[in-house]
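Q: let me see the structure of the following:
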Amino acid sequence: MRVSIILTTCNRPRSLLLSMLSLARQDRPPDEIVIADDGSGPETAEVVRRVGEELPIRIEHAWHDDLGWRVAATRNNGVRASSGEYLIFVDGDVLADRGLVAAHVEQAGRGRFLLGNALRLDEATSACISEDDVRSGRLGLPLLQEAKSRLSKVHRRNQWHLFLRRLHLCKRHKPKLVGLNFSLYRSDLERVNGFDEDFVGWGQEDDDLGMRLMLAGVRPKSIAPCAIAFHLYHASSASPAWHDSENSQRLFRLDRPTFCDNGLVRSGE
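A: Numbers count the residues shown, from 1 in each chain. Okay, here's the model as predicted:
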């Protein structure tokens, strides 16, 4: 099975560098890494070039113009540029533990999407992590133990939501698909036409994808304690009024199509 990492980034070259290095030392390396780039500047292109020269796998840089926050379109661009049968989505501010790719591959199944998550590091810890730390795996046992504890709690919450879903007592977007660490077969993503590119600005594009996948009969499975990841600190891009945004209104509309109009295949194409 050919595995593609879709690594999403936007003007965070240091974080992207560390993230790419963490993916280079996987127990089960991906077959390719596609940098899905939401209009970053030349510093990001230099990171992709530099790290790409070190890695023995295919690196593709899928860039589009900076027209504001367009994560849904960015991830779709990454998918279009990829060649894998199986897709693992990771954000470019996430460090992957050695077993992340293997965990996704071992539990992959058609008609299933896998839910990961990440331990969110504070600003001081994130600033102290160096290239050598990532290359050598010296993130430290205490951090790994904290990640396992945190992600085990996430996993139990996901399991509870799955139980409630069987009883039709769960919110429509639960268990939550978190865009920074999840995976599925390309064919299952194509069943719903990928991310809905009408989600522009911060938030909810991943919730929407999870909801449409479940409507299409693609089942969620939590692997959070197995696919361990660390999220590097950055200031939040969320507006204090995000719940009143157009994206939130779009997320909870009642006339949701399973196959979105403006996705991997865009309306009119």
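
Q: number of residues surrounding residue 72?
A: 26 (other C-beta atoms under 10 Å). C-betas here are computed from N, CA, C, even on glycine.

Q: got it, and residue 158?
A: Residue 158 has 21 nearby residues by other C-beta under 10 Å.

Q: chain center to the helix or strand in which it is found: distance?
A: Following DSSP states H and E, the helix or strand that holds residue 158 is helix 141-166. Its chain's C-alpha centre and that of helix 141-166 lie 17 Å apart, by C-alpha atoms, centre = their mean, to the nearest Å.

Q: chain neighbours aside, what residue packs nearest to the residue positioned nearest the centre of the chain?
A: The centroid of the chain falls nearest to residue 180 when counting by C-alpha atoms, centre = their mean (3.0 Å). For residue 180, ignoring the flanking residues on the chain, the nearest one in space by C-beta to C-beta, 6 or more residues apart in numbering is residue 91 at 4.0 Å.

Q: now stretch 110-123: buried residues?
A: 112, 113, 114, 115, 116, 117, 118, 119, 121 (16 or more other C-beta atoms under 10 Å).

Q: ignore the last one, stretch 148-161
A: 150, 151, 154, 155, 157, 158, 161.

Q: which residues of this structure fall in helices?
A: For the chain, the helices defined by DSSP state H cover 13-24, 42-54, 71-81, 100-106, 123-128, 131-136, 141-166, 186-191, 205-215, 246-251.

Q: quick one: contacts of the fourth one?
A: Counting contacts by C-beta atoms under 8 Å, 6 or more residues apart in numbering, the residues outside helix 100-106 that touch it are 1, 3, 5, 23, 26-30, 86, 88, 90, 114, 116, 181, 183, 223, 226-229.

Q: pLDDT averaged over that helix - what is it?
A: Per-residue pLDDT over helix 100-106 has a mean of 97.
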